[in-house]
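Enquirer: this one's structure only:
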């Protein structure tokens, strides 16, 4: 089975531009998570979905960030406008809804550089 | 302040040596997970420990969950260069599906 797929793997953009990151979760997984990882702050949860519905977006840093999940096999994280401090690695992860199991499966990440 | 504190932050050892990484909290967790992340990749789940006092082995890796379910350790025997990576512990917060992650321990195994 294919794991979590993310695209692009690398993105370099100029400040003020719109950036869209994409994720395809593992088929059959009910939960999808977006994380941001930096050296300073480690791995931070931005938002997560259950059955395509956003459950908790308290980790989204600002209104410049938005996420959607139009169907069970696709999600996007959009930053508009982007700023240099948004430079980080963004991970998507998915999880199966199983009692007492919180195991998450991560994609390879998108390394975003905003100049 | 991290809910899960990992120590040490960095560890560099020679191939063949043993190492232990710790994950501690003042909170009780229903379970704890360990992930390994290699450069340029996402974290990969290694193990989940659920019962207080539980010990799980994965080849040369031994994972232990504290009796009070507030701490966990990862011990690697006879480390190999392939064990190099960032080791993260994580646990669920309350009853939702969000995970709290520790800051991680960067392990470097030198040939």
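Expert: That came in fine, so what should we check first? What you see is a predicted model; the values in this text were computed from it and never measured.
Enquirer: So, low pLDDT: which residues of chain A?
Expert: Across chain A, the ranges flagged by pLDDT under 70 are A:1, A:98-101.
Enquirer: Most proximal residue of it with respect to chain B?
Expert: Proximity to chain B, evaluated over chain A using Cβ to the nearest Cβ, is greatest for residue A:106 at 3.3 Å. (Glycine included, C-beta is placed from N, CA and C.)
Enquirer: From residue A:40, how far off is whichever residue of chain B sits closest to chain A?
Expert: When distances are taken as Cβ to the nearest Cβ, chain B approaches chain A most closely through residue B:42, which lies 3.3 Å from it. With distances taken as Cβ to Cβ, to the nearest Å, residue B:42 is found 19 Å from residue A:40.
Enquirer: and those two? which has more neighbours close in?
Expert: When neighbours are counted by other Cβ atoms under 10 Å in any protein chain shown, residue B:42 and residue A:40 differ, and residue B:42 comes out ahead with 23 against 5.
Enquirer: you'd agree that one is up against residue A:109?
Expert: Yes - counting by Cβ atoms under 8 Å, residue B:42 sits close enough to residue A:109 to count as a contact (5.2 Å).
Enquirer: got any residues that touch both of those two?
Expert: Common contacts of residue B:42 and residue A:109 (Cβ atoms under 8 Å, 6 or more residues apart in numbering or on different chains): residue A:91.
Enquirer: Can you tell me the element residue B:109 falls in?
Expert: Mapping residue B:109 onto the secondary structure by DSSP states H and E places it in strand B:105-110.
Enquirer: Which parts of chain B are strands?
Expert: Chain-ordered strands for chain B, with DSSP state E as the definition, fall at B:5-7, B:10-14, B:19-24, B:32-37, B:44-49, B:55-58, B:61-65, B:71-76, B:85-92, B:99-101, B:105-110.
Enquirer: The fourth one - contacts with which helices or strands?
Expert: If I follow you right, that is strand B:32-37. The elements that strand B:32-37 packs onto, with contact taken as 3 or more Cβ pairs under 8 Å, 6 or more residues apart in numbering or on different chains; DSSP states H and E, are strand B:44-49, strand B:71-76, strand B:85-92.
Enquirer: so what strands line up beside that strand?
Expert: With DSSP bridges as the test, strand B:32-37 is paired with strand B:44-49 (antiparallel), strand B:85-92 (antiparallel).
Enquirer: Now tabulate the ones you listed in a markdown table and tack on mean pLDDT and mean neighbour count.
Expert: A markdown table is the format used below for the strands paired with strand B:32-37 (pLDDT from 0 to 100; neighbours: other Cβ atoms under 10 Å in any protein chain shown):
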| stretch | mean pLDDT | mean neighbour count |
| --- | --- | --- |
| strand B:44-49 | 95 | 18 |
| strand B:85-92 | 95 | 24 |
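Enquirer: okay, the ones you listed in CSV with distance to residue A:13 next?
Expert: Listed next are the strands paired with strand B:32-37 as CSV, based on distance: least, Cβ to Cβ, whole Å:
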stretch, distance to residue A:13
strand B:44-49, 28
strand B:85-92, 26
